[in-house]
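Participant: next input, structure requested:
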Amino acid sequence: MNRREFLKSTTAIAATSAVSAPAIFSTSAEAQSRKETLLLITENGPNNLDIHGVGTNRPGYEASWNCYDRLITHPTKTLSDGSLSYDRDKFEPELADDMKVGDMSVTFKLKKGAKFHDGKPVTAKDVKWSYDRAVSVGGFPTVQMKAGSLEKKEQFVVVDDNTFRVDFIKKNHLAIPDMAVIVPGIYNSALLQSKATEKDPWALEYTKSNTAGSGAYKVTGWKPGVETIYERNEAWVGGKLPQLRRVIWRTIPSSGNRRALMERGDADISFDLPAKDFTEMKKDGKLSLISNPIGNGMYSLELNVVKPPFNNEKVRQAIAYALPYDKIINAGMFGHARPLFGGASNDVTSTAWPQPTGYKTDMEKAKALMGESGAGEIDSTISFDLGDAVNSEPIAVLIQESLNQIGIKLAINKVPGANWRSEMAKKSMPMMVNFFSGWLDYPEYFYFWCYSGLNAIFNTPSYVNKDMDAMIDGAYAAAAVNDTAKYDTDVKSFISKAYKEVPRIPLFQPYLNVATQKNISGYQYWFHRQVDYRKIVKA
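Facilitator: Now for the predicted structure:
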């Protein structure tokens, strides 16, 4: 496949006080540069600049996405509402110039002239070192690579300085898509090897606060919890040079303050808006408002099934019938969410994902199930991420009030956003309000992360069941050989099993809400739910 063909490829691979204006354009010279500077505001900022780092939060993904290249990426498509999105089923080059897919391997030619931020040329040795790193650091990055059967260093081969090959250990329809996610970014191996130690062979301590990529941007300033500053890489060859020379990403915890900054024109983009602000700001009409349903994602109540009392299936089912679903949607999310309850049955008849469970609020049924469980009165804790307090706290309060009616008394545990992933990894929280969205938009990928016996970080209930594993593995295998009938059977079966046993209780599919000034264009929705600065234009 030559570069022209590659570019055409359409291959489907099945603070509560008022905030003053930010003083970033205080002189006439700085004001002149405003056209090329973006001021982005969000509730939370990155706790780590490297997605390979331990406990890196979702805002940290944004730094990795914009500062590191992948071999391939997805092109842009226009949705029916006129908004922009990545195209799940198509791929285009980023650091690669050519991709040849064989039966059990894929070979990439690298773009000539690609350089890291320090000027060192990017070679196939850097690509291999980076892929080796991803499958070796453990935790989330290594499991993510495993989702595409990218597991062993021996799979990654340097053919020559400009050619890199990946050998497949088995057929997996997610192998190519998995190379376009954030994890297999390309790192400056010489720089990081010089920063490595015996205890830190992959230089994770260095990349926590320094970027070492070849991407369109590099971080030139970072004050955790305050701001992150990016400068454009003038030598970037991974795509069209972005219009924005500088991005300033400010952390503004108060949604009211973020809203005031946008309405006064002091900020350019407010990202991940609460549903309340989104609905009200849209009515005002002063700003451009964009909302996309988050693919392969849901908010859910997640129950630790390893320890009593939530190892009792009837207790979990009782909770599923006691939840105040309508109040959560209407009062918690101001009606701006897609319900994932009230379906015809927990025996699903469709492979659509996510789809509603058969549960709805039924206190009599919930009390009956509690009686059958033999559990008696329960005292426990419900936890949520303070970094998502605007959504999760009202949900937790509504659940606390509702479950009290069936004899479950809950204390609310507010976990600081910077610690949330670390606490999740401990698998010790008995009950939690959580959100998960699978990058690769397929149901088997969601279940790989959240229900499989790998017991990965996002399997917060620690649910392990050999029959579930067999169905997930079966769906993967069937998709790899286009066995649609077997695939459909396995997907329907694992969804139905999950809904009946309810280690996690689906609540709703949320929307990703963004406000921009009207002179901003080029924002697009991505599977990772963070901002891509590279195509944003400021008129």
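Participant: mind listing what the nearest residue to Arg316 once chain neighbours are set aside touches?
Facilitator: In this structure, Arg316 finds its nearest non-sequential neighbour in Val502, 4.6 Å apart by CB to CB, 6 or more residues apart in numbering. In short, each C-beta sits where N, CA and C put it, glycine included. Counting by CB atoms under 8 Å, 6 or more residues apart in numbering, Val502 touches Leu303, Glu313, Arg316, Gln317, Ile319, Ala320, Thr357, Tyr359.
Participant: please tell me how far the host helix or strand of Ala134 is from the chain's geometric centre.
Facilitator: Using DSSP states H and E, Ala134 maps to helix 124-136. For helix 124-136, the separation from the chain centroid amounts to 22 Å (computed by CA atoms, centre = their mean, to the nearest Å).
Participant: find the least confident helix or strand in this structure, judged by mean pLDDT.
Facilitator: In the chain, no helix or strand scores lower on mean pLDDT, DSSP states H and E than helix 3-8, which sits at a mean of 44.
Participant: residues near the closest residue to Gly139 other than its chain neighbours, how many?
Facilitator: Using CB to CB, 6+ apart and skipping residues adjacent in sequence, the residue nearest Gly139 is Val54, 6.2 Å away. Neighbourhood size, Val54 [other CB atoms under 10 Å]: 16.
Participant: check Ala216 too.
Facilitator: Ala216: 27 neighbours (other CB under 10 Å).
Participant: repeat that for Lys125.
Facilitator: 13.
Participant: and if you look at Leu512?
Facilitator: By other CB under 10 Å, neighbour count at Leu512 equals 20.
Participant: and Pro274, how far from Val514?
Facilitator: Distance of Pro274 to Val514, given as CB to CB, to the nearest Å: 12 Å.
Participant: and if you look at Ser255?
Facilitator: Separation of Ser255 from Val514 (CB to CB) stands at 14 Å.
Participant: report the set of residues contacting both of those two.
Facilitator: Common contacts of Ser255 and Val514 (CB under 8 Å, 6+ apart): Leu273.
Participant: of the two, who's got more company?
Facilitator: Neighbour count, other CB under 10 Å: between Ser255 and Val514, Val514 has more, with 22 against 17.
Participant: what's near enough to touch the closest residue to the more buried one other than its chain neighbours?
Facilitator: Distances taken as CB to CB, 6+ apart place Ile290 nearest to Val514, at 4.6 Å, with adjacent residues excluded. Counting by CB under 8 Å, 6+ apart, Ile290 touches Ser83, Asn513, Val514, Ala515, Thr516, Tyr523, Tyr525.
Participant: secondary structure element holding the third one?
Facilitator: Assigned by DSSP H and E, Val514 belongs to strand 511-516.
Participant: the helix or strand just after that strand pairs with which strands, parallel or anti?
Facilitator: Where DSSP H and E defines the elements, the next helix or strand beyond strand 511-516 is strand 520-521. As defined by DSSP bridges, the strand partners of strand 520-521 come to strand 537-538 (antiparallel).
Participant: tell me where the stretch 301-450 of the chain has helices.
Facilitator: Here the stretch 301-450 of the chain has its helices, by DSSP state H, counting those that start in this stretch, at 313-322, 325-327, 363-373, 389-403, 420-426, 443-450.
Participant: residues in contact with Gly60?
Facilitator: Pro46, Asn47, Asn48, Leu49, Asp50, Ile51, Gly53.
Participant: closest to Leu403 among those residues?
Facilitator: Set against Leu403, the nearest of the contacts of Gly60 by CB to CB is Asn47 (31.4 Å).
Participant: state the distance from that closest one to Pro416.
Facilitator: 10 Å.
Participant: between these two, point out the one with more neighbours.
Facilitator: Asn47 (23 against 12).
Participant: which ones are touching that one?
Facilitator: Contact analysis of Asn47 by CB under 8 Å, 6+ apart lists Gly55, Thr56, Asn57, Pro59, Gly60, Pro224, Gly417, Ala418.
Participant: out of those, flag the one nearest to Val135.
Facilitator: Using CB to CB, those come closest to Val135 at Thr56, 16.8 Å.
Participant: quick one: Val348 from Leu369, how far?
Facilitator: Taking CB to CB, one finds Val348 at 21 Å from Leu369.
Participant: quick one: buried residues of the biggest helix by length in the chain?
Facilitator: Among the segments of the chain that qualify as a helix by DSSP state H, the longest is helix 484-501. Neighbour counts using 16 or more other CB atoms under 10 Å place 487, 489-501 of helix 484-501 among the buried residues.
Participant: swap in stretch 139-155?
Facilitator: By neighbour count on 16+ other CB under 10 Å, the buried set for stretch 139-155 is 139-150, 155.
Participant: among the helices of the stretch 301-450 of the chain, which is nearest Val537?
Facilitator: Closest of the helices of the stretch 301-450 of the chain to Val537 is helix 389-403, at 29.1 Å (criterion: CB to CB).
Participant: which helices and strands does the closest one pack with?
Facilitator: Other helices and strands packing on helix 389-403, by 3 or more CB pairs under 8 Å, 6 or more residues apart in numbering; DSSP states H and E, are strand 297-303, helix 313-322, strand 378-385, strand 408-415, strand 431-437.
Participant: am I right that Ile169 sits in a strand?
Facilitator: No - assessed with DSSP: H, G, I helix; E, B strand; the rest coil, Ile169 is coil; it does not lie in a strand.
Participant: next up, the contacts around it.
Facilitator: Residues counted as contacts of Ile169 (CB under 8 Å, 6+ apart) are Ser149, Glu151, Lys152, Gln155.
Participant: rewinding a little: now the buried residues of stretch 139-155 as CSV including secondary structure, pLDDT and distance to Cys67?
Facilitator: Output for the buried residues of stretch 139-155, formatted as CSV (DSSP: H, G, I helix; E, B strand; the rest coil; pLDDT from 0 to 100; distance: CB to CB, whole Å):
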residue, secondary structure, pLDDT, distance to Cys67
Gly139, helix, 91, 20
Phe140, helix, 92, 18
Pro141, helix, 96, 16
Thr142, helix, 96, 21
Val143, helix, 93, 23
Gln144, helix, 96, 18
Met145, helix, 97, 19
Lys146, helix, 95, 24
Ala147, helix, 94, 23
Gly148, coil, 96, 22
Ser149, coil, 96, 27
Leu150, coil, 98, 22
Gln155, helix, 98, 25
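Participant: out of the residues you listed, who's nearest Thr107?
Facilitator: Checking these against Thr107 by CB to CB gives Gln155 as the nearest, at 12.6 Å.
Participant: that closest one and Asn172 touch, don't they?
Facilitator: No - contact between Gln155 and Asn172 fails when scored by CB atoms under 8 Å: they sit 11.6 Å apart.
Participant: about what we covered before: for the helix holding Ala134, which residues meet the burial criterion?
Facilitator: Judged by neighbour count (16+ other CB under 10 Å), helix 124-136 contains these buried residues: Ala124, Asp126, Val127, Lys128, Trp129, Ser130, Tyr131, Asp132, Arg133, Ala134, Val135.
Participant: what do you get for stretch 376-392?
Facilitator: 378, 380, 382-392.
Participant: and the pLDDT at the residue nearest to Leu84 when sequence neighbours are not counted?
Facilitator: Spatial nearest neighbour of Leu84, excluding adjacent residues (CB to CB, 6+ apart): Gln524 at 3.6 Å. pLDDT, Gln524: 97.
Participant: for Ala389, same thing?
Facilitator: Note on Ala389: pLDDT of 89.
Participant: which one of the helices and strands packed on helix 389-403 lies closest to Asn210?
Facilitator: strand 378-385 (26.4 Å).
Participant: please tell me how far Gly221 sits from Arg34.
Facilitator: Gly221 is 18 Å from Arg34, by CB to CB.
Participant: between those two, tell me which one has more neighbours.
Facilitator: Arg34 (14 against 11).
Participant: which SS class is that one?
Facilitator: helix.
Participant: hmm, back to that, need the mean per-residue confidence for the longest helix of the chain.
Facilitator: 98.
Participant: what's that helix in contact with?
Facilitator: For helix 484-501, the surrounding residues in contact (CB under 8 Å, 6+ apart) are 313, 316, 346-351, 353, 355, 357-359, 443-444, 447, 451, 463, 465, 467-468, 471-472, 474-475, 477-479, 504, 506.
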